[in-house]
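J.: My questions are about this predicted structure, shown below with the sequence.
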Amino acid sequence: MVNKSIQQGMILTFSAYLLWGFLPIYWKQINTIEAGTILAHRIIWSFVFMILLVMLSGKWRNFVHTIRHIKQDRKKIIAITSASIVITLNWFLFIFAVNGGQVLQASLGYYINPILSILLGLIILKEPSTKAQIFSFILAGVAVIYLTIGYGIFPWISILLATTFAIYGFLKKTLDLSAMFGLTLETLVMTPLAIIYIFIAPQAQGFSLNPLMTMENLFLIGGGIVTAIPLLLFAAGARRIPLASVGFLQYVAPTVMFLLGVFLYEESFTTHHMITFLFIWLALAIYIYSIYKQSRRKKAFNT
C-alpha cells in the first residue's frame, strides 16, 4: 500500500514538472501579444478556473471559512499579499523570457532556484546547512560570475526568476494553506489589478469579444488551466513521496526547458553557456547528494 502511494506520488509529481517544462511551447503560441497582457489574462483566468474548481469540489464553505480566518490575522494577510506580488512578478518574467527568445535564461533560473532557497533558509530561517550545500551555492555563484564576465551579459532574468520563486517558496512556508486555496487567494488578490491593466493599458490587446472563439482567446483563457493543473498535480504528488525525491524531480522542468531552448528554438548556446551550465549541474549534483545523505540518516535514525 505504501509502495503504491509512493508510485502514484512519483507519477503525479513527475507529470507536474514535465508540464512546467513544456510550458514555453504554450506561451510561444501567443508571443505576438505583449507579455503584460498575457500575464493579466493568466491571472484572471486562473482565478476563474480556481473558483470553479473550489465550488465543484464542494470546498466553497471551507474556502469562505479560510478567508474569514485569514482576515483576522494581519501577518497572514501580509504573507498572502506578498506571495501574490512575488509569484505575479515570476510569471511575468517567465512569459517575458520565453516570448523574448530567452528560454535558456529561464532554464538557468530554475536550476539556480533551489540553491537560492538554501541561502534563504540559512540566513532567514537559520536552518542548518551542510558543507556540501554551502559549496553548491558557491559553485552556482561562480557560474553566474563566469557567464557575466565571459559572455559580457549579466543573466538578470535567471537571477530574478530564481530569486522570486525562492522568496515565493519561503512565503508559502509561513502559510498553512492547501495548493487549491493558496492559488485561489493569490489570484484573487491580483485579479482587480489585472482587470484594470487590460482596460487602461494601450498595449493590452489580444482578447476580442467579437469573434470570441479565436485561437488567441482560447490560448489566453487556457492560460488559467495550464497554470493551475501542474500546481494541483504537484500538491497531490509531493505529499506522497520523500523530500529527496521531490528535490530530484524538480530538475525535470528546467532540463526540458534547456532542451527546448537549444534544440527546438535554436537559441545561442556558446562555450560560455556550456561551462556555466556545467558548473550549475555540478552544484546541483552535490546538492541532490547532500539531500539524499540527509534522508538516509533520518531513515536510519528512525529505524
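T.: Now that the structure is in, tell me what you want to look at. Computed from a prediction, not measured in an experiment: that's the story for all the values here.
J.: Show the subsequent helix or strand relative to the one helix or strand G121 maps to.
T.: Assessed by DSSP states H and E, G121 sits inside helix 103-123. Of the helices and strands lying after helix 103-123 in sequence (DSSP H and E), the nearest is helix 131-151.
J.: What mean pLDDT does the helix or strand just after that following helix get?
T.: Going down the chain from helix 131-151, the next helix or strand is helix 156-173, by DSSP H and E. Confidence over helix 156-173 (mean pLDDT, whole number) is 89.
J.: can you check stretch 216-224 too?
T.: Per-residue scores along stretch 216-224 average to 91.
J.: Residues contacting it, please?
T.: Contacts with stretch 216-224, where a contact means CB atoms under 8 Å, 6 or more residues apart in numbering, come from 26, 29-30, 33, 38, 41-42, 44-50, 206-208. Glycine gets a C-beta too; all of them are placed from N, C-alpha and C.
J.: Of those, select the buried ones using a ChimeraX command.
T.: When burial is assessed using 16 or more other CB atoms under 10 Å, the buried subset of those is captured in ChimeraX by this command:
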select :30,33,38,41,42,44,45,46,47,49,50,206,207
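J.: Now intersect the contacts of stretch 216-224 with the helices, please.
T.: Secondary-structure check on these using DSSP state H: residues within helices are 26, 38, 41-42, 44-50.
J.: Out of these, which comes closest to T227?
T.: The shortest separation between T227 and any of these is 4.6 Å, and it belongs to S46 (by CB to CB).
J.: hang on, isn't the closest one packed against A228?
T.: Yes. In this structure S46 lies within contact range of A228 using CB atoms under 8 Å: 5.8 Å.
J.: Show me the common contact partners of those two, please.
T.: Counting by CB under 8 Å, 6+ apart, the shared contacts of S46 and A228 are L183.
J.: Can you tell me the element I87 falls in?
T.: Secondary structure here is read from DSSP H and E; on that basis I87 sits in helix 74-99.
J.: Show me what counts as buried in the helix holding G121.
T.: Of the residues in helix 103-123, those buried under the neighbour-count criterion (16+ other CB under 10 Å) are 103-121.
J.: Could I get the average pLDDT for it?
T.: If you average the pLDDT values across helix 103-123, you get 84.
J.: wait, isn't V142 in contact with L282?
T.: No. Assessed by CB under 8 Å, V142 is found out of contact with L282, at 10.0 Å.
J.: Keeping just the C-alphas, turn stretch 169-177 into PDB.
T.: Taking C-alpha atoms only, stretch 169-177 is exported to PDB below (Å, rounded to 0.1, in the frame of the first residue of the first chain):
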ATOM      1  CA  GLY A 169       8.500  29.300  -1.600                       C
ATOM      2  CA  PHE A 170       9.700  30.900   1.600                       C
ATOM      3  CA  LEU A 171       6.500  32.900   2.000                       C
ATOM      4  CA  LYS A 172       4.400  29.800   1.300                       C
ATOM      5  CA  LYS A 173       6.200  28.000   4.200                       C
ATOM      6  CA  THR A 174       4.700  30.600   6.600                       C
ATOM      7  CA  LEU A 175       1.100  29.800   5.400                       C
ATOM      8  CA  ASP A 176      -0.800  26.700   6.300                       C
ATOM      9  CA  LEU A 177      -2.900  26.600   3.100                       C
END
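J.: check contacts around the nearest residue to I115 once chain neighbours are set aside.
T.: Nearest-residue entry for I115: A140, 4.6 Å, with adjacent residues in sequence omitted and distances by CB to CB, 6 or more residues apart in numbering. Residues touching A140, when contacts are defined by CB under 8 Å, 6+ apart, comprise 112, 115, 279-280, 283.
J.: Nothing else from me, thank you.
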